[in-house]
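[1] Sequence isn't available, so here's the structure alone:
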């Protein structure tokens, strides 16, 4: 248990569905991240929030929409996804964006788009 | 050139041996380096961070950093079958304040 909780753990959705991934951290951190991990590829940074403000959007398609209502919660809203979006989606948090802070990951959501 | 490079493996070592995992990075002025362990189907787990040249030891793990050679390594002493996992090298590049990951090295420790 790292103090970062993601729900759901597994999700199967059709290409026309709308779903949301949730991340909650209990570490008192101020920065939160969404990463995508596809098979045989490095972890890809998607979005960064620092003190609730989005500071990075790594050229992510608009069918992925993040939301950060407070420093403890992060959502990833999904709509009209494609099969190639199937992957492990990981949330992480860190104290802040400083160069020496460590990031801790949640358990991930395994997403399958059918 | 990839920003963070690791040999994908698989790397196999016998139980009790030293496993050596290597990582190179392209950004000369990077300051922060991290090793994560990821078991199959699980999320990455932070093992060690290192910021200064030299060695940093934590139990059976030793991280080594050589900024002049843009090289960071992880040594696992007395390897155990439970160490079998993918090891991810992550770097905070000077151009960004978040982690850039290598593709990982798959380690298998044979009983």
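    Arrived safely, thanks for sending. What you see is a predicted model; the values in this text were computed from it and never measured. Numbering: from 1, shown residues only, chains lettered A, B, ... in the order given.

[2] okay, CA-based contacts and neighbour counts for the rest of this
    Fine.

[3] Which residues of chain B lie near chain A?
    Within chain B, the residues that sit near chain A (Cα under 8 Å from any Cα of the partner chain) are B:31-32, B:42-46, B:49, B:51, B:92, B:97-98, B:100-104.

[4] filter these to the buried ones?
    Listed as buried from the residues of chain B next to chain A are B:31-32, B:43-46, B:49, B:51, B:92, B:97-98, B:100-104; burial here means 16 or more other Cα atoms under 10 Å in any protein chain shown.

[5] Minimum pLDDT in the residues you listed, which residue is that?
    Here the lowest pLDDT out of these sits on residue B:97, with 71.

[6] re earlier: now, the residues of chain B next to chain A that are in strands?
    Judged by DSSP state E, the residues of chain B next to chain A include B:32, B:45-46, B:49, B:92, B:100-101 as members of strands.

[7] okay, those residues in CSV with distance to residue A:3 next?
    Shown next, in CSV, are these (distance: Cα to Cα, whole Å):
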residue, distance to residue A:3
B:32, 22
B:45, 12
B:46, 13
B:49, 19
B:92, 22
B:100, 22
B:101, 22
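
[8] which one of these is nearest residue B:110?
    residue B:45 (21.8 Å; Cα to Cα).

[9] got the contact list for that closest one?
    A:104-105, B:36-38 (Cα atoms under 8 Å, 6 or more residues apart in numbering or on different chains).
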